[in-house]
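Asks: Give the three-dimensional model of this entry:
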Amino acid sequence: MNIKFFWIFSILSITTLFFFYVYQVNVEVSQRYLIQGYNKEIRDVSRENQELEIKRAQINSLDKVVELIKPLSFEKTEKIHYIRILDNQVVAK
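Replies: Reported below is the predicted structural model:
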C-alpha cells in the first residue's frame, strides 16, 4: 500500500511540476517578446526624436529668419542713435 501511494504521489508531483515548468517558460518567453518589442519602439522613438531635433534646428536657423524678414521690407540701419537721459531729469504727465 505504501509503495503504491508513493508511486501515485510521485507521478502526480512530477506531472504538476512539469506543467508548472511549462507555464513558467511560456510566461518568460512572452515577457521577453514584449521587452524586445518595447526596445524596438524605444529605438524608433529615439531616432524620430533625433530627426525632429535636426529639423527644429534647421527651422530656427538664422538663414530662415533672414528669409522670413525679407518680404517685410525692413531697412538696414547705418547708425544707431540712443536717447540720452540725464540723471536729474524726470518725465511727468
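Asks: Show me the helices in the protein, by range?
Replies: Using DSSP state H, the helices of the chain run over 2-59, 62-69.
Asks: Tell me which of the ones you listed sits nearest to residue 81.
Replies: Among the helices of the chain, helix 62-69 comes nearest to residue 81, with 21.9 Å by Cβ to Cβ. The C-beta positions use only the backbone N, C-alpha and C, and glycine is treated the same way.
Asks: now the closest one: mean pLDDT?
Replies: Helix 62-69 carries an average pLDDT of 74.
Asks: what angle separates it from helix 2-59?
Replies: Here the directions of helix 62-69 and helix 2-59 differ by 50 degrees (axes from the mean of the first three to the mean of the last three Cα atoms, to 10 degrees).
Asks: And helix 62-69, what's buried?
Replies: Residues of helix 62-69 include none that count as buried (16 or more other Cβ atoms under 10 Å).
Asks: if I look at residue 2, how far off is residue 8?
Replies: When distance is defined by Cβ to Cβ, to the nearest Å, residue 2 is 11 Å away from residue 8.
Asks: between those two, which one's more packed in?
Replies: Between residue 2 and residue 8, residue 8 has the larger neighbour count (other Cβ atoms under 10 Å), namely 10 against 6.
Asks: Return the distance of the least confident helix or strand in the chain by mean pLDDT from the chain's centre.
Replies: The least trusted helix or strand in the chain, going by mean pLDDT, DSSP states H and E, turns out to be helix 62-69, with a mean of 74. Here the centre of helix 62-69 is set off from its chain's centre by 30 Å, with Cα atoms, centre = their mean, to the nearest Å.
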